[in-house]
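Trainee: give me coordinates for this.
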Amino acid sequence: MDSIYEQITHESIDLVLDHFEAGYSVARLAGELGYAPDVVQHMLACAYFDEGRIDKAEGLAREAVDKYAGPETHNLLLRCLLASPRDTKQEFHDESVRWAALYEDKMGSGFDQAKHGNREPEKILRLGFLCDYLGDTLFGAFLAFPLFDRLRKGGAKVYLYNFGAPNSTCDDATDICRDVRALSSDALGQQIHDDEIDILFDLNGRLRVNNRYAAMIKRPAPIQVSYMNLAGTSGLGCIDYVVTDENAVPPEDDRYYTEQVCRLPCGANGAFLLPGAQGAYKSEHHVPVGPSPVKKQGFVTFGSFNATFKLSDESLGAWAEILQRVPDSRLLLK
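Mentor: A predicted model of the protein is given here:
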């Protein structure tokens, strides 16, 4: 699902936003800048989303879904629902199911799973992971790569279908790392199927713009799972499980998931509990545990290194209350 995003850049989004706030209509922007109206509306919603102005982004996204129905625009609306402190879990569930009803059947039929019939105990499991943000990142160093390492030591064969920037650590941490950036959804599904993957894990989810749901919808693997970047249900019949924990998804929230919820201790980011996986995976990111900074500085420093869209009035208000309760504390945002 990347056709709209192939047409736009950060610079073009900034340009459209500047003109829109100066009073230009979507139609005028489309005519003067040479974009289709649906692309302009999409860019505006993205701009407001990235600035943390979620209400504005959601309004534009809802209008775009009504005017220009399509999976990318509808996915943007779902991102807004996830980011909004006002939209409910039920609303996100219902809109996700609506997305699936509109587009899942249109994205192709599934593969024949006959070749995956071998369930002998001695069979080597082939585990596939779809992701575009590993590489030289803290997520890779502290979560994904230690997990891959432990799975391989346990006898599984790990495949990474990388549609982000190539990285040597991705190659080192897996048995097979495939650069699939140029593959269409059909070609990606075929590659996964040809690799005879037993369980396919999606690490992107709805919050990542560049998810590969269109390939997963073709059911290239017999078992398909949403993991790690979990923020809510996919709504898709092709995804069987979500792996999480009772903190991220308490049992009473099961009704908001079309998938079967599988809980593990610290399952939302399970690499922390993997024996032998403490610290970063073969990375300069590894920092030995030292004395707490509060002992040196005399005050507690809270930190949030998050995307701007997560800095809502509600989250800032909650943090302000925490700061008031902890004398002389600080908050570092980055």
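Trainee: wait, residue 310 touches residue 52, no?
Mentor: Yes: shown here, residue 310 and residue 52 form a contact pair, counting by Cβ atoms under 8 Å, at 7.5 Å. (Each C-beta comes from the backbone N, C-alpha and C, glycine too.)
Trainee: more neighbours, the two?
Mentor: residue 52 (17 against 12; other Cβ atoms under 10 Å).
Trainee: okay but the more buried one is in contact with residue 313, surely?
Mentor: No: contact criterion Cβ under 8 Å: residue 52 and residue 313 do not qualify, at 9.6 Å.
Trainee: list the contacts of residue 217.
Mentor: 104, 107-108, 185, 236, 238 (Cβ atoms under 8 Å, 6 or more residues apart in numbering).
Trainee: how does it look with 7 Å?
Mentor: Contacts for residue 217 (Cβ atoms under 7 Å, 6 or more residues apart in numbering) come out as 104, 107-108, 236, 238.
Trainee: which among the residues you listed end up buried?
Mentor: Taking 16 or more other Cβ atoms under 10 Å as the criterion, what is buried in these is 104, 107, 236, 238.
Trainee: which parts of the stretch 51-200 of the chain are strands?
Mentor: Per DSSP state E, counting those that start in this stretch, the stretch 51-200 of the chain carries strands over the ranges 126-131, 157-162, 176-179, 199-202.
Trainee: mean pLDDT added to those, as JSON lines?
Mentor: Below are these laid out as JSON lines (pLDDT from 0 to 100):
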{"stretch": "strand 126-131", "mean pLDDT": "96"}
{"stretch": "strand 157-162", "mean pLDDT": "97"}
{"stretch": "strand 176-179", "mean pLDDT": "96"}
{"stretch": "strand 199-202", "mean pLDDT": "96"}
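Trainee: dump those into CSV; add distance to residue 85 as well.
Mentor: Formatted as CSV, those follow (distance: least, Cβ to Cβ, whole Å):
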stretch, distance to residue 85
strand 126-131, 27
strand 157-162, 33
strand 176-179, 38
strand 199-202, 25
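Trainee: could you dump the ones you listed to JSON lines with mean neighbour count?
Mentor: Output for the strands of the stretch 51-200 of the chain, formatted as JSON lines (neighbours: other Cβ atoms under 10 Å):
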{"stretch": "strand 126-131", "mean neighbour count": "24"}
{"stretch": "strand 157-162", "mean neighbour count": "23"}
{"stretch": "strand 176-179", "mean neighbour count": "17"}
{"stretch": "strand 199-202", "mean neighbour count": "24"}
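Trainee: nearest to residue 69, out of the ones you listed?
Mentor: Among the strands of the stretch 51-200 of the chain, the nearest to residue 69 by Cβ to Cβ is strand 199-202 (23.8 Å).
Trainee: if you average pLDDT over stretch 255-275, what comes out?
Mentor: Per-residue pLDDT over stretch 255-275 has a mean of 78.
Trainee: helices along the stretch 1-150 of the chain, start to end?
Mentor: 10-21, 26-33, 37-50, 54-67, 71-83, 89-103, 138-139, 145-153 (DSSP state H, counting those that start in this stretch).
Trainee: for residue 203, the count of nearby residues, please.
Mentor: For residue 203, the count of nearby residues is 23 (other Cβ under 10 Å).
Trainee: again, but for the one 3 residues further on
Mentor: Residue 206 sits with 24 neighbouring residues when counted by other Cβ under 10 Å.
Trainee: equivalent analysis for residue 318, please.
Mentor: Residue 318 has 11 neighbouring residues, counting by other Cβ under 10 Å.
Trainee: run through the residues that contact it.
Mentor: Contacts for residue 318 (Cβ under 7 Å, 6+ apart) come out as none.
Trainee: from the chain's centroid, how far away is whichever helix or strand it is part of?
Mentor: Element membership for residue 318 (DSSP states H and E) is helix 313-325. A distance of 26 Å separates the centroid of the chain from that of helix 313-325, by Cα atoms, centre = their mean, to the nearest Å.
Trainee: in the sheet, which strands lie alongside the helix or strand just after that helix, parallel or antiparallel?
Mentor: Moving toward the C-terminus from helix 313-325, the next helix or strand (DSSP H and E) is strand 330-333. Strand 330-333 pairs in its sheet with strand 301-304 (parallel), by DSSP bridges.
Trainee: before we move on, the earlier item: report the lowest-confidence entry in the buried ones among the contacts of residue 217.
Mentor: Within those, residue 107 has the lowest pLDDT, namely 77.
Trainee: I'd like to know how far that residue sits from residue 72.
Mentor: Applying Cβ to Cβ, to the nearest Å, one obtains 12 Å for the distance of residue 107 from residue 72.
Trainee: swap in residue 225?
Mentor: For residue 225 relative to residue 72 (Cβ to Cβ), the value is 23 Å.
Trainee: of the two, which one has the most company?
Mentor: residue 225 (22 against 18).
Trainee: so the more buried one makes contact with residue 201?
Mentor: Yes: contact criterion Cβ atoms under 7 Å: residue 225 and residue 201 qualify, at 4.9 Å.
Trainee: what distance do you get for the spatially closest residue to residue 103 that is not a sequence neighbour to residue 185?
Mentor: Nearest residue to residue 103, sequence neighbours excluded (Cβ to Cβ, 6 or more residues apart in numbering): residue 71, at 4.6 Å. Look at residue 71 and residue 185: by Cβ to Cβ, they are 11 Å apart.
Trainee: having no further points to raise, I will conclude here.
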